[in-house]
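[1] Attaching a predicted model along with its sequence, questions to come.
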Amino acid sequence: QKEVEQDPGPLSVPEGAIVSLNCTYSNSAFQYFMWYRQYSRKGPELLMYTYSSGNKEDGRFTAQVDKSSKYISLFIRDSQPSDSATYLCASITGANSKLTFGKGITLSVRP
Amino acid sequence: DTEVTQTPKHLVMGMTNKKSLKCEQHMGHRAMYWYKQKAKKPPELMFVYSYEKLSINESVPSRFSPECPNSSLLNLHLHALQPEDSALYLCASSRLAGATTYEQYFGPGTRLTVT
């Protein structure tokens, strides 16, 4: 079992839809959680970073962490065609610098 | 400024060539990373430098040789690569474990093709 599992894709939604992207993790030592967005042929861009359980909001994006169920989510409100990209969840323990990624899910937002 | 720069953007090299990839950051981060990413896969960690010293080598073949000349620069020296080494090579940086935040910032990558 991989330490970070991410829902398989691809995912296609109409413009304006609410998007929910989900990951689960198995390593109880993970304390920090990140979401990266990666456009085709570009490097990953850090979108959201969370430490504790709960929600963190940044514009149209909300990151949610539930440490009791080991569940990580990213919600995108009013999705735009420019949100079309691959989204990667990632976790880190804090004891070392190793980042563990999920497989990534490719999102397509249709105009 | 959260920018990590990488050069070159693209590189084509033969299996007998020697080339180097370069990475630079000016965020004061003391951890720097090399990742390899194949198409439709997440980045795979290759090396981690902490305070300019190699702290993690993920069993990478010796044809990849990292170097950290100072706290802002990271190089990856390539020699006698194989076609299966063709990939996007990503550099990243972060604060170190023990700091309050650990988020890693990635550069745009170097797309390497080995012929």
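    Alright, I've got the coordinates.

[2] OK, contacts around the residue in chain B positioned nearest to chain A?
    Of all residues in chain B, residue B:42 sits closest to chain A, at 3.7 Å by C-beta to the nearest C-beta. From N, CA and C alone the C-beta is placed, and that goes for glycine too. Residue B:42 sits next to A:88, A:101-104 when contact means C-beta atoms under 8 Å, 6 or more residues apart in numbering or on different chains.

[3] Tell me where the model's unsure across chain B.
    B:1-2, B:97-101 (pLDDT under 70).

[4] Closest one to chain B out of the contacts of residue B:42, please.
    The closest of those to chain B turns out to be residue A:101 (C-beta to the nearest C-beta; 3.7 Å).

[5] From residue B:49, how far off is that closest one?
    Distance, residue A:101 to residue B:49, using C-beta to C-beta, to the nearest Å: 20 Å.

[6] Settle it for me: which of those two has more neighbours?
    Shown here are residue A:101 and residue B:49; by other C-beta atoms under 10 Å in any protein chain shown, residue A:101 has more neighbours (24 against 21).

[7] tell me the contacts of that one?
    Residues in contact with residue A:101 (C-beta under 8 Å, 6+ apart) are A:4, A:36, A:88-90, B:42-43.

[8] So which of the contacts of residue B:42 are in strands?
    When DSSP state E defines the strands, the subset of the contacts of residue B:42 inside them is A:88, A:101.

[9] Show me which residues of chain A sit near chain B.
    Neighbours of chain B within chain A, by C-beta under 8 Å from any C-beta of the partner chain: A:32, A:34, A:36, A:41-46, A:49, A:88, A:92, A:94-99, A:101-104.

[10] Buried ones only from these, please, as a PyMOL command.
    Under the burial definition 16 or more other C-beta atoms under 10 Å in any protein chain shown, those of those that qualify are selected in PyMOL by:
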select buried, chain A and resi 32+34+36+42+43+44+46+49+88+92+94+97+99+101+102+103+104
